[in-house]
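**Student:** sequence? don't have it. structure:
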């Protein structure tokens, strides 16, 4: 029995190494920081579209995107700690987390366009992504987790596209 346990453990370790390698290759192919900032006219268009989807004041908030080895964390926080802005952020992200968990990415598509990087893969693979909402200091976060390396790369690429499009209202965080 002992050699069988060792072989099973070895196969699991090998699978972890292969998965890590695939994630590394995909990260190199779709680096989160490689997307250049969108042009000022595009950022203005995105901001204008965002006003019809996001109830909070973009000029008083910050979107923060943190890629992780299992997906990522999207946070929105109030810059000035205004309770009304925090309540709007939390209500919006709670609604978005529910929609994203069911593969409904229509709000980001209406802001950024249907051809937004990573979006098609996220829609197609939604049932393999765990999406959860949490309150955060001065705002809220949506946590994305998946064991699928292709979906992890799609999340990272999607995050980078949002940072590019939102300009000064968004930033990529290091994990």
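**Tutor:** Perfect, I can see it now. On a predicted model such as this, the values are computed, not experimentally measured, just so you know.

**Student:** and the average pLDDT for the host helix or strand of residue 65 is what?
**Tutor:** Applying DSSP states H and E as the criterion places residue 65 in strand 61-68. Mean pLDDT, computed over strand 61-68, is 96.

**Student:** contacting residues around residue 175?
**Tutor:** For residue 175, the contacting residues are 66, 67, 68, 69, by C-beta atoms under 8 Å, 6 or more residues apart in numbering. C-beta coordinates here come from the backbone N, C-alpha and C atoms, glycine included.

**Student:** ok, back up a step: list the pairing partners of the strand holding residue 65 within its sheet, with orientation.
**Tutor:** strand 71-78 (antiparallel), strand 170-172 (parallel) (DSSP bridges).

**Student:** hmm, who's touching the longest one?
**Tutor:** Counting by C-beta under 8 Å, 6+ apart, strand 71-78 makes contact with 56, 60-66, 85-86, 89, 92-93, 129, 136-146, 151-152, 155-156, 159, 162, all of which sit outside it.

**Student:** pull out the buried residues from those.
**Tutor:** 56, 60-66, 85-86, 89, 92-93, 129, 136, 138-146, 151-152, 155-156, 159, 162 (16 or more other C-beta atoms under 10 Å).
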